[in-house]
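Participant: Here's a sequence, model it:
(one chain, ligands or ions: 2)
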Amino acid sequence: MRTDSSPTTIYRKDYTPPAYLVDTVELGFDLAPASTVVANRITLRRNPDAAGSDIVLHGEEIELVQLRLNGQLLGEGDYELSAATLTIRNAPAEVVLEIETVCAPVENTSLSGLYVSNGNFFTQCEAEGFRRITFFPDRPDVMAKYTVMLRANKEQYPVLLSNGNLIEQGDLDDGRHYAKWEDPFKKPSYLFALVAAKLVCQEEQFKLADGRDVLLQVWVEDGNLDKTDYAMQSLKNSIRWDEERFGLELDLDRFMIVAVGDFNMGAMENKGLNIFNTKFVLANPRTATDIDFAGIEAVVGHEYFHNWTGNRVTCRDWFQLSLKEGLTVFRDQEFSADMIGTDTGRAVTRIDQVRTLRQAQFPEDAGPMSHPVRPDSFVEINNFYTVTVYEKGAEVVRMYQTLLGRDGFRKGMDLYFDRHDGQAVACDDFRAAMADANGRDLTQFERWYSQAGTPVVTARTRYDAVKRNFDIILSQRGKPGQLPFHIPVAVGLLGADGKDLPLTLEHGKHAKGATTLVLELTEQEQIFRFREVDERPTPSILRDFSAPVILEHDYTDDELLHLFNHDSDPVNRWEAGQRLAMERLLKLTAQVAAHGAANLKLDQTFINAMRTVLSDESLDPAFRELALILPSETIIAEQMDVVDPQAIHTARQFMRHTIGTVLKAELLAQYHANQTPGEYSPDAASAGKRALKNLCLSYLLAAPEAAELQLAQQQFDNATNMTDRSAALVSLIHSGTDNGPHLQAFYDDFANEALVVDKWFAMQASAPTTNVAAVRKLMQHPAFTLKNPNRARSLIFNFTNANPSQFHAADGSAYEFWAEFVIKLDAINPQVAARLARAMDRWRRYAPALQAKMKQALEKVAARQLSNDVAEVITKALAN
Ligand code: B3K
Ligand code: ZN
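Facilitator: Ligands and ions are numbered 1, 2, ... in the order given. Predicted coordinates for the structure are as follows:
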């Protein structure tokens, strides 16, 4: 494999503090697309806690024009310049550097650093983009105060924004103008941002709990002001929630959200100036689905919550990324749950989190990119913004709350801020605050940060009718050589009547009458004895998914049905249904693989269980929808030693088809019972009804006859919102009937709405009837471009990641397609290319014939000149 400079691995153990600290940064920008001049004046002083007197600045893809040290112009012999660093040896203790550089934003297709999107300037600095703007010690433990002067043409770029407060603005000669911004808080360089653009905003004054008025703004392109209400409302809700739940206030007079169409990820928490992918800002009922609205609420919350968990207290180094990301995901999850406000609503959000973990994090943790929540090494840090660091990291934070209780967790948070406000710290510091605030020893808990992989917890039970004892024997195993984790396992016991039994745990300290207890599994195996148990109960283990583990327990079908019908814990109730479905899916898959698709059968017991939950109107529709969705093809694949994607697809389709046929009457009844007439509202109750209704529709279209097709067509024609419109279209396309006219009508209606065009590509890419040739054809569509990450993801990623039966076509043609576009994207945008590269992560688990073709494709990519981003992913995939 060849790369520009051979990729170096960076190790956590090699951390050393910076030799110099930076106190102030004054930046001056003369913005022009082809050539932007950046003047940077920084004051540095030797770090009393570090050795050495060399100043090391990072810099990439920028041209040095001039460099002064304490007023003296430096010549080429006074410093060392490499492709990535500028080093000044033996510098004095106190230094003022004046650095002038030039960069070319319009050429910057990587969308890291300063770039142009639709004619406007934006920045993205996390993790290491600031070095593409100016020379700087671009590491998060260097925190400084920034003043920023922006100069640009006034007509083209009427809006000039940066972090903090606007302190001055005015006109210059030649049709230019300027704005000066000052951020009163010290920050690491990755939180720097600027925007110079033609934009408009929705704004309002908002009163904080302490009585201060702050200015809130949501900036978008002209024509999108009809899509900013929900983002603004979500921002206000976020501010209120953080005040109430964690006592954390907004610390600035002004808070801005800016939407940009070209963006590598969801959004970015730059201090006071959050920059967002349009996908997580723009929404109105016509263009956005319920899921989009929920995504906006979550991401607006997430970025806002970073202001404390990430910005005020930041990371010492990038290995500590989960310190801010795991914690902030946990905070946004709790925010979304609290916004719904009901117990089932909370459970529904929890079930969604479990699904994400199983769909994406468990496979990651079992594949070549497996890494601990706090990684030990990386080649390219951008490859480590992963579901492990984010979602598993959030699970780790959630376990503190499970172990310490809500109040204990809050005490830990308070102590964390008392100790570390204004500092760059490590995951261990967070754990210490949790332990110290609660007088708990959390030494063993550290293993959740250092040991990769998903632990397996096995539960066995025994009942002694004479002594009335019920024992749960829990054991755990991690990867070979790992030490036991500290695992909170929440359990309850169900009686024959389906009710929770009051629990008496031997040696346990707990309230009398408690029906759920958190067992702490800290050894390889432990016995937990419940006393005074009058009948053999059905155990409900790992309630609320109290730890990110795989739970093994030999449940009988009867026990699972009992839990599915009665468990008071909705997460385990859902889980019982998933286990019932998974058992059947695996058997059917094996049968298809061995004998083909003829003579498949689905037992009446399972169908009846589905029927009961579908029609149980005492249950929240959102819950019923989740209970009726079968485990995804990806999740089924994870249960198999040798993955056969076609057999999985056939088996799952057979089950969907059977449910659609046998339960047709019930599905239709619920379809009609869960209509949401009147004005659209994205609230959880209405969204839940729509979700159930549209799931019914998709089951009905799994085995469509004329009447069902007509139903979908009517919904498509009459829908008053995007949720219903797109659901009808997806059901039609995925049913395999000819839908040229509907697709065309949808496209024509929304040709000017980029986010809806993305949906149009995505729903075709993920249709089981779309093969690689059809995807290539869609790439010829005038609206397709590789340069826009949302667009590339909508078509390419939805095909490679959400259409397994076509991606794994026996002839390997889709693997060749994958290789071709990893290479093409890498030349444009390495971060996006590296994400696509990950689609091959699990290649070793497929049947030998597919494996060989996947390996060929990987090797084809490996033979090219690659970015560090893609090189790291491919090297790890091919390594033994
Ligand atoms: N902190 C950013 C992610 C930056 C990704 C850089 N490749 C978004 C977030 O987690 O809020
Ligand atoms: Zn984040």
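
Participant: Which helix or strand contains the residue in the stretch 1-150 of the chain positioned nearest to ligand 1?
Facilitator: Using C-beta to the nearest ligand atom, the single residue of the stretch 1-150 of the chain nearest to ligand 1 is residue 126, 4.1 Å away. Placement of C-beta: from N, CA and C, glycine included. Secondary structure assignment for residue 126, by DSSP states H and E: no helix or strand.

Participant: And the closest residue to it other than its chain neighbours, how far from residue 180?
Facilitator: Distances taken as C-beta to C-beta, 6 or more residues apart in numbering put residue 190 closest to residue 126, at 4.1 Å, once the chain neighbours are dropped. Using C-beta to C-beta, to the nearest Å, one obtains 22 Å as the distance from residue 190 to residue 180.

Participant: Neighbour count: those two, which is higher?
Facilitator: Under the criterion of other C-beta atoms under 10 Å, the comparison of residue 190 against residue 180 puts residue 190 first, with 24 against 19.

Participant: and the more buried one, that's in a strand?
Facilitator: No: counting by DSSP: H, G, I helix; E, B strand; the rest coil, residue 190 is not part of a strand but helix.

Participant: pretty sure it contacts residue 140?
Facilitator: Yes: assessed by C-beta atoms under 8 Å, residue 190 is found in contact with residue 140 at 6.0 Å.

Participant: how about the residues of the chain that lie near ligand 2?
Facilitator: 325, 328 (C-beta under 5 Å from the ion).

Participant: okay, now the domains of the chain?
Facilitator: Structural domains assigned to the chain are 10-198, 314-450, 456-547, 564-703, 751-880, following automatic domain parsing.

Participant: Export those as a markdown table, with columns for mean pLDDT and distance to residue 710.
Facilitator: What follows is these, written out as a markdown table (pLDDT from 0 to 100; distance: least, C-beta to C-beta, whole Å):
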| stretch | mean pLDDT | distance to residue 710 |
| --- | --- | --- |
| domain 10-198 | 98 | 41 |
| domain 314-450 | 98 | 31 |
| domain 456-547 | 97 | 41 |
| domain 564-703 | 98 | 11 |
| domain 751-880 | 98 | 20 |
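
Participant: I figured residue 857 was touching residue 812, is that so?
Facilitator: Yes: using C-beta under 8 Å, residue 857 is in contact with residue 812, at 7.3 Å.

Participant: Tell me if the helix ranked longest in the chain is near ligand 1.
Facilitator: Longest helix in the chain, counting residues (DSSP state H): helix 393-420. No: with C-beta under 6 Å from any ligand atom as the criterion, ligand 1 is not reached by helix 393-420; the gap is at least 10.7 Å.

Participant: who touches residue 290 in this structure?
Facilitator: Counting by C-beta atoms under 8 Å, 6 or more residues apart in numbering, residue 290 touches 682, 686-687, 690-691, 723.

Participant: and if we set it to 10 Å?
Facilitator: Going by C-beta atoms under 10 Å, 6 or more residues apart in numbering, residue 290 touches 622, 680-684, 686-691, 694, 721-724, 727.

Participant: could you check whether stretch 232-239 is close to ligand 1?
Facilitator: No: judged by C-beta under 6 Å from any ligand atom, stretch 232-239 and ligand 1 are separated, with a smallest distance of 12.9 Å.

Participant: overlap in contacts of residue 190 and residue 140?
Facilitator: Taking C-beta under 10 Å, 6+ apart as the criterion, residue 190 and residue 140 both touch 126-128, 310, 314-315, 318.

Participant: ok, and the closest non-adjacent residue to the closest residue to ligand 1 within the stretch 651-800 of the chain?
Facilitator: Residue of the stretch 651-800 of the chain nearest ligand 1, by C-beta to the nearest ligand atom: residue 789 (11.5 Å). For residue 789, ignoring the flanking residues on the chain, the nearest one in space by C-beta to C-beta, 6+ apart is residue 832 at 5.0 Å.
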